[in-house]
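Chemist: Pasting the sequence and the predicted model now:
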Amino acid sequence: MKCVANVLVSFIVLLAPAAHAQSTSTATPRPTADEHIQNLIGSISEKRLQSIVAKLAAFGTRGTLSDTNSPTRGIGAARQWIFDELKRSSPKLQVSFDTYQIAPQGRIPHLVELRNVIALLPGRTDRRIYITGHYDSVNLGPGVSASLASAAPGARAPDLQHLEAIYANADAPGADDDASGIALTMEMARVFANSGINFDATLVFACWAGEEQGLIGSSVHAQKLAADKTIVEAMLSNDIVGGIRGGDGIVDAATVRVYSVGPDDSMSRSLARNTKCSAGVYLPSHRVRLMAREDRFGRGSDHSSFTTQGYPAIVFRESRENLARQHSADDKPDGVNAAYLAQNARVNAAVAASLALAPPAPKVTDDRGRPLIGRDPSGYDASLRWLASPGAVAYRVFWRDAWSSDWQHNEIVGNVNHFVLPDVSIDDFVFGVAAIGSDGHQSLISAYVSPERHMPPVKLAN
Ligand SMILES: [Zn+2]
């Protein structure tokens, strides 16, 4: 079916107020792009992305255990530059160091101070949308990533990141991994803050530390968000998003991969589908390839810190990686294609701006997490309930065959919180609902997910 998620909805006829549960409108949705978002996307600068990657690589290393005192080399100089540059981008950005003292553990041999660099663009509400990358880099020695990648599946390799002496201050330009993601994040901060758009959601542009040591900076940040009960609608991780030529020589500058953790109707998967749809509307020349898995084999990134805390998150990955360059002194700016990186930035902008202008996704579960779905009134109908989403003027109900991965049917209903599809079995279809705001922007789709069954162990008589 045509992509209907997260595009501007024009109402051709007025939505009928819901007089009863089955009231629906005959409005025909017409997906169009929002010119404000188009302008925002148009202001992304390829040149600026390129110069940020070059600047970050020029710090020599941004290793987590590297020098913090030099003004020109090491992680201390790099994070201060990111901080200053974000501040310079716009007075609307609230820029801060998000600082933690990390005890020795795993790949952290001694107490280390980690600083995420955060730029916050306040919206009308506190709910947050994150655009992120990681600014730390690592050098495990030439070709190490490639040899680990070509090792037999399941082969156990020593964890080279324990060998502090080898890599703490060795050259680790980390141009693609992940100055590309940081350049994207910093450029997003600049164009969103200068867009003149009054967003409903608060945008957070986060440059994570300690990713290479085990997602540490993003983990401690997400833990704090969850403890503070902060609402995060979406988190976009950009990690290795600038290269077009794989180590096998194959070139792809026209697609990007998006990984998201299941189950199939998790909010992370909903965010992934939404991303593909937004890209289709605003950037049809760049194809989003959805991957129904958390990440590549044996690899990870900061999105997992957020999904662990129950927040929707995805990671962008270039389509063709050069594994021989990663985590070595060869990860240099010549491996980053600014035009391609700009396309990936535009996809980020399209999805984040659309969601930040839409109402929050409707809640489709009760206080105990049970889905608000039933078979009433006949016992053979699909009866869907949801909680009102602030700012919504209408809702859109989606359904699809239970063995299909893409939504097949949808209907815009009025400003109601209950909708019945007569004679449609809730056991044969997956259902979801999205909120639509007054300017036509649509939220993520919340799906009705069957809770896991917990089977108590059977006791045997002795
Ligand atoms: Zn990375």
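Modeler: Good, I have the coordinates.
Chemist: quick one, domains of this protein?
Modeler: According to automatic domain parsing, the chain is divided into the following domains: 8-31+361-447, 37-147+160-357.
Chemist: deepest of these, which one?
Modeler: domain 37-147+160-357 (a mean of 21; mean count of other Cβ atoms under 10 Å). All C-beta atoms are positioned from the backbone trio N, CA, C, and that covers glycine.
Chemist: Would you tell me whether it gets close to the ion?
Modeler: Yes - counting by Cβ under 5 Å from the ion, the ion is contacted by domain 37-147+160-357 at Asp177, Asp178, Asp239.
Chemist: before we move on, the earlier item: could you dump the domains of the chain into CSV with distance to Met455 and mean pLDDT added?
Modeler: Formatted as CSV, the domains of the chain follow (distance: least, Cβ to Cβ, whole Å; pLDDT from 0 to 100):
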stretch, distance to Met455, mean pLDDT
domain 8-31+361-447, 18, 84
domain 37-147+160-357, 18, 95
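Chemist: Dump those to TSV, plus distance to Ala461.
Modeler: Formatted as TSV, the domains of the chain follow (distance: least, Cβ to Cβ, whole Å):
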stretch	distance to Ala461
domain 8-31+361-447	34
domain 37-147+160-357	37
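Chemist: Ignoring the adjacent residues along the chain, who's closest to the residue of the stretch 201-350 of the chain found nearest the ion?
Modeler: Nearest residue of the stretch 201-350 of the chain to the ion, counting by Cβ to the ion: Asp239, 4.2 Å away. Using Cβ to Cβ, 6 or more residues apart in numbering and skipping the chain neighbours, the partner closest in space to Asp239 is Ser301 (4.2 Å).
Chemist: Tell me which residues touch the one you found, please.
Modeler: By Cβ atoms under 8 Å, 6 or more residues apart in numbering, Ser301 lies in contact with His134, Glu211, Leu215, Ser237, Asp239, Asp295, Val315.
Chemist: so of those residues, which ones are in strands?
Modeler: His134, Ser237, Val315 (DSSP state E).
Chemist: sorry, back to before: closest one to Gln38 out of the residues of domain 37-147+160-357 next to the ion, please.
Modeler: Distance to Gln38 across the residues of domain 37-147+160-357 next to the ion (Cβ to Cβ) is lowest for Asp239, with 26.9 Å.
Chemist: before we move on, back to that, which two of the contacts of Ser301 have the greatest separation?
Modeler: Spatially, the most separated pair among the contacts of Ser301 is His134 and Asp295, at 13.8 Å (Cβ to Cβ).
Chemist: separation between Ser89 and Gly369?
Modeler: With distances taken as Cβ to Cβ, to the nearest Å, Ser89 is found 40 Å from Gly369.
Chemist: Please disregard the earlier target; I meant Leu140.
Modeler: Taken as Cβ to Cβ, the span from Leu140 to Gly369 is 42 Å.
Chemist: And for Leu49?
Modeler: In this view, Leu49 and Gly369 are 42 Å apart by Cβ to Cβ.
Chemist: so which strand or helix has Gly181?
Modeler: Assigned by DSSP states H and E, Gly181 belongs to helix 180-193.
Chemist: Tell me how far that helix lies from the chain's centre.
Modeler: Relative to its parent chain, helix 180-193 has a centroid offset of 14 Å by Cα atoms, centre = their mean, to the nearest Å.
Chemist: Pull that helix out as CSV, backbone CA atoms only.
Modeler: Output of helix 180-193 as CSV, limited to C-alpha atoms (Å, rounded to 0.1, in the frame of the first residue of the first chain):
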residue,chain,number,x,y,z
SER,A,180,30.1,11.2,10.4
GLY,A,181,27.3,10.7,13.0
ILE,A,182,28.5,13.7,15.0
ALA,A,183,28.7,16.0,12.0
LEU,A,184,25.2,14.9,11.2
THR,A,185,24.0,15.5,14.7
MET,A,186,25.7,18.9,15.0
GLU,A,187,24.3,20.0,11.6
MET,A,188,20.8,18.9,12.7
ALA,A,189,21.2,21.0,15.8
ARG,A,190,22.1,24.0,13.7
VAL,A,191,19.3,23.7,11.1
PHE,A,192,16.5,22.8,13.5
ALA,A,193,17.4,25.7,15.8
